[in-house]
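Q: Next comes the sequence, and after it the predicted model I'd like to discuss.
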Amino acid sequence: MRVGVLALQGDVSEHAQVLREVGAEPVLVRTPQALEDVQALVLPGGESTTLGALMARCGLDQAIRRRAQEGMPVFGTCAGLILMARRASGGEPPLLGLMDVAVERNAYGRQRESFEDDLACPAVDPNPFRVAFIRAPVITGVGEGVQVLARHEGLPVLVRQGRLLGATFHPEITGYTGVHRYFCSLAASAGGVG
Ligand code: GLN
């Protein structure tokens, strides 16, 4: 399966590497044309204001919105999830508004800006796995169609709405492949449509 990674800014190569490890073919997406060639898309972490502005500049915002409406599976991590959200507080970047969630940017505050922890998420893995929260957002609201797959200290950190998956953490930098495997299997069960 050809899985795009939005490659405008952020931790692009880490996602591409994990996708390769789970048997997908990563495709770096920098233009609306490149997006036409993929069956699913990963929106990486980075800086959501920058990512939003760069996407708008090359028309990828409209193209991603259209493909997502047509059913393309999308997985956003950290800044990528912020872009997918319906609403963001703490400085609103240009949002794609794909997912019925509200987020607050940089909500963990200074001391806890970045940390790693083990996450329990039976939907993804029977065993807890290591993930990293890096200047992470907090999900402050989820709509009715949104499933919370994992919580960390009571807060939703992995959410799914049909073919859309969003994580406030980074699964791609701790050597863990299970969340990408989960995304690829949900994308494959979507028939690679979109
Ligand atoms: N703090 C960043 C933002 O608000 C997200 C950080 C990340 O993606 N690791 O855009």
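A: Alright, I've got the coordinates. Since we're looking at a predicted model, the values are computed, not measured.

Q: what about the spatially most central residue of the chain, which helix or strand?
A: What sits nearest the mean C-alpha location of the chain, by C-alpha atoms, centre = their mean, is residue 76, with 1.0 Å. For residue 76, the host element (DSSP states H and E) is strand 74-77.

Q: contact partners of that strand?
A: With contacts defined as C-beta atoms under 8 Å, 6 or more residues apart in numbering, strand 74-77 is touched by 15, 40-45, 64, 68, 82-84, 98-99, 163-167, 169-172, 180, 183. C-betas here are computed from N, CA, C, even on glycine.

Q: Likewise for stretch 117-132?
A: Contacts for stretch 117-132 (C-beta under 8 Å, 6+ apart): 114-116, 133, 149-150, 152, 157-158, 167, 169-171, 173-176, 178-179, 182.

Q: What of stretch 17-34?
A: 1-8, 12, 15-16, 35, 37-38, 41-42, 58-60, 62-63, 171-172, 177, 180-181, 184.

Q: Which ones among those lie within strands?
A: 2, 3, 4, 5, 6, 41, 42 (DSSP state E).

Q: any residue of the strand holding residue 76 up close to the ligand?
A: No: residues of strand 74-77 are not located near the ligand by C-beta under 6 Å from any ligand atom, the shortest gap being 7.0 Å.

Q: Off-centre distance for the helix or strand just after that strand?
A: Later in the chain than strand 74-77, the nearest helix or strand by DSSP H and E is helix 79-84. Distance, stretch centre to chain centre, for helix 79-84: 6 Å (C-alpha atoms, centre = their mean, to the nearest Å).

Q: any residue of the lengthiest strand in the chain up close to the ligand?
A: The longest strand of the chain (DSSP E) is strand 125-134. Yes: Strand 125-134 comes into contact with the ligand (C-beta under 6 Å from any ligand atom), by way of residue 134.

Q: Just name whatever secondary elements the helix or strand following that strand is in contact with.
A: On the C-terminal side of strand 125-134, the nearest following helix or strand under DSSP H and E is strand 138-142. Applying 3 or more C-beta pairs under 8 Å, 6 or more residues apart in numbering; DSSP states H and E, we find strand 138-142 packed against strand 99-104, strand 155-161.

Q: Identify whichever of the ones you listed lies nearest to the ligand.
A: Nearest to the ligand, of all the helices and strands packed on strand 138-142, is strand 99-104, at 8.7 Å by C-beta to the nearest ligand atom.

Q: Can you list the strands that that closest one pairs with?
A: Strand pairing for strand 99-104, using DSSP bridges, gives strand 85-89 (parallel), strand 138-142 (antiparallel).
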